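# fold the following, please.
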Amino acid sequence: MFLTPFIFALLLVSMQNNSDKEPPREWIEPATGHRVVRLSSEPGTSSFYFHQNGFTATGDKLVLSTRRGLAVLDWKTRKIEPLVEGRTLGAVVGKKTRQVYYIQNNAVRATHLDTGKTRTIVELPAEIRGGSGLAINADETLLGGSFVERDQRPPSPPAQRPSNRGGGLEARWAAHLPMRLYTVRIKDGDIKTFHPSTEWLNHVQFSPTDPTQMMFCHEGPWHKVDRIWTIRTDGSGLRKIHTRQMDMEIAGHEFFSPDGKIIWYDLQTPRGKEFWLAGRVLASEELIKYRVAREHWSVHYNVSPDGKLFAGDGGGPRSVAAPGNGQWIYLFTPRDGTLHVEKLVDLSRHDYRLEPNVVFTPDGQWIVFRSNMHGVTHTYAVEVKKTSNTATGLRP
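Down below sits the predicted model:
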């Protein structure tokens, strides 16, 4: 539940199965009647973390992570072409500019999806390397992230430094390393830093409609932090989105609604007992709560482009909702204050050390996710509407 986007990358290779059998390219899920398509051809190909956009605005292209770097998928033909060679961090696609932004070799770079042309926006100075990123703002003028102030980090042997993994989560949080948020101006690489804090600043996101509004989290054990915050890019307007009201209450895996008016998140009152999909209306402070049954709880949720549907990726046998949670891709439809639940894809054979990370396509007709349900990691898409058993291929 607490894996960061970057830890996921370290798990990809370790979870590959050496099976020679190629996963099916397409099938109708027997239990649900929904069509599922394998988008990737190369094992180890993965869609992005759930709040990192991989699509162009029209949805004609999707950027994916591969073992060799980044690749771009033509949605209509399903053809995948290599785009960026080498390891990247924080990749996110600018919908308007049709560029993917990423960190590589301590530099912020941009590569155009159509031409393949790459430019270096800025070389990151040593004092702000490390942290989380990248996020892109609504008018695609700024990138953002967080960093550890290395010149203030107390010296310690490498073996004693806190880790982000497993039991190291609490140690990293308890270390209270000095951090800041930062922005990079895409036009000329100008870097601004702000909001100094000894909280663990992570999961930086921008509002999809307000270019100066940034969201971030206080990372750590969720029952010990008030996690979700917003701030302006000039450092003003710091605002806590959710305050815990009881012992062991948790809230997290936050994301914006498409219109930027609501921040949605997983809420549990307390942890592992009562499950909600919650939303804070930014203008009015109203709290929206949809109860989620244990069997339908998901590691991550996401929302359709029109804001009318939600998707969830289920949870594994060691998840916060275990025992009793389901291993499915879910579709949730709000109706009269409740969520109508529909199962889409059976993930009973999926190893949840790899989080599926559901995301809707820009037209809202498909849900993209990553899975190792056939032994190796691939990227898949499931059609939101049920289809007949004779349907084949992706519609443009």
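
# run a quick neighbour tally on T193.
For T193, the count of nearby residues is 15 (other Cβ atoms under 10 Å). Backbone N, C-alpha and C define where each C-beta goes, glycine included.

# does it touch P178 like I think?
No: the criterion here is Cβ atoms under 8 Å, and T193 misses it with P178 at 11.5 Å.

# does A57 touch G94 like I think?
No: the pair A57 / G94 is not scored as a contact, 9.1 Å apart, by Cβ under 8 Å.

# let's check: the centremost residue of the chain is which one?
Centroid check for the chain by Cα atoms, centre = their mean gives F50 as the closest residue, at 2.4 Å.

# I'd like the distance between that one and H300.
Distance from F50 to H300, counting by Cβ to Cβ, to the nearest Å: 4 Å.

# ok, now L169?
For L169, the distance to H300 - Cβ to Cβ - is 18 Å.

# same deal with I103?
Distance, I103 to H300, by Cβ to Cβ: 23 Å.

# ok, the one helix or strand A251 maps to: who's next to it in the sheet?
Taking DSSP states H and E as the criterion, A251 maps to strand 250-256. Partners of strand 250-256 in the sheet, by DSSP bridges, are strand 262-268 (antiparallel).

# run the chain-centre distance for the partner strand.
14 Å (Cα atoms, centre = their mean, to the nearest Å).

# ok, residues contacting the following helix or strand past it?
For strand 262-268, the following helix or strand on the C-terminal side (DSSP H and E) is strand 275-281. Applying Cβ atoms under 8 Å, 6 or more residues apart in numbering, the contact partners of strand 275-281 are 228, 241-242, 251, 257, 261-269, 286-294, 297, 301, 310, 321, 332, 339.

# list the residue ranges of the stretch 101-250 of the chain that fall below the pLDDT cut-off.
Applying pLDDT under 70 to the stretch 101-250 of the chain flags residues 151-167.

# what segments of it are strands?
Ranges of strands in the stretch 101-250 of the chain, per DSSP state E, counting those that start in this stretch, are 107-112, 118-123, 131-136, 142-148, 179-185, 191-197, 200-206, 213-219, 228-232, 239-240, 250-256.

# let's have the ones you listed in CSV, adding distance to V358.
Formatted as CSV, those follow (distance: least, Cβ to Cβ, whole Å):
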stretch, distance to V358
strand 107-112, 25
strand 118-123, 30
strand 131-136, 19
strand 142-148, 23
strand 179-185, 27
strand 191-197, 30
strand 200-206, 16
strand 213-219, 19
strand 228-232, 20
strand 239-240, 27
strand 250-256, 11
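
# and R353, how far from R294?
21 Å.

# and what of T333?
19 Å.

# tell me which of the two has more neighbours.
Just comparing T333 and R294: by other Cβ under 10 Å the higher neighbour count belongs to R294, 16 against 13.

# isn't F310 right next to S304, touching?
Yes: the pair F310 and S304 qualifies as a contact (Cβ under 8 Å) at a distance of 7.4 Å.

# and the direction of the strand holding A251 versus that of strand 228-232, what angle?
Inter-element angle recorded for strand 250-256 and strand 228-232: 40 degrees (by axes from the mean of the first three to the mean of the last three Cα atoms, to 10 degrees).

# quick check: buried residues in stretch 185-193?
I186, G189 (16 or more other Cβ atoms under 10 Å).

# if I read this right, E383 contacts D363, doesn't it?
No: in this structure, E383 is not within contact of D363 by Cβ under 8 Å, at 11.3 Å.

# more crowded one of those two?
Using other Cβ under 10 Å as the criterion, E383 and D363 rank with E383 on top: 21 against 16.

# got a list of what that one touches?
Neighbouring residues of E383 by Cβ under 8 Å, 6+ apart: H34, R35, V36, V37, Q365, W366.

# take the residues you listed and write them to TSV, including distance to L143, pLDDT and secondary structure.
Shown next, in TSV, are the contacts of E383 (distance: Cβ to Cβ, whole Å; pLDDT from 0 to 100; DSSP: H, G, I helix; E, B strand; the rest coil):
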residue	distance to L143	pLDDT	secondary structure
H34	36	98	strand
R35	36	98	strand
V36	34	98	strand
V37	32	98	strand
Q365	29	98	coil
W366	27	98	strand
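
# quick one: average pLDDT of stretch 292-299?
Here stretch 292-299 scores 98 as its mean pLDDT.

# use 24 as the first number for this chain going forward.
With the count now opening at 24, the last piece we talked about shows up as stretch 315-322.

# I'd say G113 and V123 touch.
No: under the criterion of Cβ under 8 Å, G113 makes no contact with V123, lying 10.4 Å away.

# phi, psi of the residue nearest to the centre of the chain?
Backbone torsions for F73, taken as degrees, to the nearest 10, come to phi -60, psi -30.

# okay, helices next: where are they in the chain?
28-37, 191-198 (DSSP state H).

# list the buried residues of the last one.
By neighbour count, with 16+ other Cβ under 10 Å as the criterion, the buried positions of helix 191-198 are L192, R195, W196, A198.

# of the residues you listed, just say which sits nearest to Q350.
L192 (23.4 Å; Cβ to Cβ).

# just for the stretch 274-419 of the chain, where's the confidence low?
Ranges of the stretch 274-419 of the chain meeting pLDDT under 70: 411-419.

# okay, now the closest residue to T292 other than its chain neighbours: neighbour count?
Using Cβ to Cβ, 6 or more residues apart in numbering and skipping residues adjacent in sequence, the residue nearest T292 is E272, 5.2 Å away. E272: 19 surrounding residues under other Cβ under 10 Å.

# any idea how far E318 is from E272?
Applying Cβ to Cβ to E272 and E318 gives a distance of 21 Å.
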